[in-house]
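> the following block contains a protein sequence and its predicted model.
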Amino acid sequence: MHQKLHRIFLAFPVGFDLQKKFEDQFLHYKNLQSFRWTPSSNLHVTLFFIGEVEEKNVIVIKENLEKLFSVQMPFHLSFEEYQFKGGKNSPSMFWAKFQHSEDFRELSEKIFYQVKDFMTIAPQHKDPIPHITLARLKKGAEISTVNIHSLGKVEVPIIDFAELWQTVSSPEGVKYNSLCKFIFKKQNENQ
């Protein structure tokens, strides 16, 4: 008998203040038919996409990650730009992109070594790009309608925790359920 598969990933959910800032900035564009905007509750920075894993392995992954995050120091991401991503002539996503971060890259690598034995897919990027997916685009999306240069910068609070999220399909669309939260090591904790 096959075990149920769970589609999981590690996320840093954006807080209410940042959700509100995105809502306010994109209110003018909410009616664009070719943009499928990410619901506010789903906005996040993906720290690492694990993929589909068997239910029994989720517990082991949680234990492995608990050890890793108990010694992980918080870090900061700096906003770079809003960006359309995907095919040059037909992008498929709209991102808030953050600057390259060695802390982010190292964390991604550490997570990979903790979960690689349970992954059914290869990691997507050797040097991951920190970003928040704001919208998914239909083919032929009218991207010229969005003036990305007029949008204000956003700041992500310090990344000091991660959540293990499970992707769940529902009649209203994709939702993410938090399976657990991992708090990073505090700056003033003894070594």
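Structure received. Numbering: from 1, shown residues only.
> run through the protein and note the low-pLDDT ranges.
1-2, 88, 124-125, 187-191 (pLDDT under 70).
> quick one: the helices in it?
16-26, 55-69, 102-115 (DSSP state H).
> ranking those by burial, who's on top?
A comparison of the helices of the chain by mean neighbour count, using mean count of other CB atoms under 10 Å, puts helix 102-115 on top with a mean of 17. For every residue, glycine as well, the C-beta is placed using N, CA and C.
> of the helices of the chain, which is nearest Arg136?
With CB to CB as the measure, helix 16-26 is the member of the helices of the chain nearest Arg136 (13.6 Å).
> could you report the neighbour count for Phe118?
Counted with other CB atoms under 10 Å, the burial measure for Phe118 works out to 18 neighbours.
> identify the residues contacting it.
Ile50, Val53, Glu54, Asn57, Val60, Ile61 (CB atoms under 8 Å, 6 or more residues apart in numbering).
> was I right about the first one contacting Ile61?
Yes - contact status for Ile50 versus Ile61: in contact at 7.1 Å, counting by CB atoms under 8 Å.
> report the central residue of the protein.
The residue lying closest to the centre of the chain (CA atoms, centre = their mean) is Thr46, at 2.1 Å.
> nearest to Lys139 among the contacts of Phe118?
Ile50 (28.7 Å).
> and the closest one, what is it in contact with?
Ile8, Phe9, Leu10, Ile61, Val115, Phe118, Met119.
> change it to 10 Å
Shown in contact with Ile50 (CB atoms under 10 Å, 6 or more residues apart in numbering): 6-10, 57-58, 61, 65, 111-112, 114-116, 118-121, 123, 164-165.
> try Ile8
48-53, 57-58, 61-62, 115, 118, 164-167, 176-177, 179.
> cutoff 7 Å now
Listed by CB atoms under 7 Å, 6 or more residues apart in numbering, the contact set of Ile8 reads Ile50, Val53, Val58, Leu164, Trp165, Gln166.
> what's near enough to touch the fourth one?
Under the criterion of CB under 7 Å, 6+ apart, the neighbours of Leu164 are Ile8, Leu10, Lys62, Leu65, Leu179, Cys180.
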